[in-house]
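In: Quick one: sequence plus predicted model below, questions after.
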Amino acid sequence: MRNFVALAALVIASSACNNEKACTDLAASSVTVNVTDAADGADLADAVVTYTVNGGDAVDCESLSVGFVCGFEVVGEITVTVSLDGYAPQTETFDIALDADECHVVGEVWDVELALQEL
């Protein structure tokens with residue numbers, strides 16, 4: 001019995017010293033973009049949405065049923081550009097960092113209202 005108690009104490013003590021983080025398998029989006037028409041609020045699902053990370057090459061954002069995702073678990077300076085024929089393009093830059101546990105990014109949401117381009 002004495003050996004069992006000693007072994008149990010050792011297991012409890014060693015598990016209390018575990019410094020590993022318990023991160024989930026969730027893939028958090030870095031920037032989520034919702035694009036609508038500034039005049040009537042209609043969803044503009046056919047917009048072209050791209051992003052760069054730290055000034056690198058432009059990458060297409062992933063189109064969802066509603067909106068776009070620009071990177072999953074991407075950290076750094078993310079510049080997003082939204083364009084659509086007949087509308088004035090818009091660009092916004094976000095500084096994306098990891099959460100306090102350093103498990104996932106702290107994502108941003110950008111609600112973009114595109115206005116018709118003046119001729």
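Out: Great, that's in hand. Computed from a predicted structure; not experimentally measured.
In: Skipping its backbone neighbours, what lies nearest the spatially most central residue of the chain in space?
Out: What sits nearest the mean C-alpha location of the chain, by Cα atoms, centre = their mean, is Ser30, with 1.5 Å. Once flanking residues are discounted, Ser30 sits nearest to Gly71: 3.8 Å by Cβ to Cβ, 6 or more residues apart in numbering. Where C-beta positions appear, they are placed from N, C-alpha and C, glycine not excepted.
In: Tell me the pLDDT of the residue lying closest to Ala88 once chain neighbours are set aside.
Out: In this structure, Ala88 finds its nearest non-sequential neighbour in Gln117, 4.6 Å apart by Cβ to Cβ, 6+ apart. pLDDT, Gln117: 92.
In: Could you check how far Phe94 is from Cys23?
Out: Distance, Phe94 to Cys23, using Cβ to Cβ, to the nearest Å: 22 Å.
In: Tell me, how many residues neighbour Glu118?
Out: 5 (other Cβ atoms under 10 Å).
In: Apart from its neighbours in sequence, what residue is nearest it?
Out: Glu118 sits nearest to Ala88 (Cβ to Cβ, 6+ apart), 7.7 Å away.
In: count of neighbours near that neighbour?
Out: By the criterion of other Cβ under 10 Å, Ala88 has 13 neighbours.
In: before we move on, the earlier item: tell me the phi and psi of the residue nearest to the centre of the chain?
Out: With angles defined as degrees, to the nearest 10, Ser30 sits at phi -80, psi -50.
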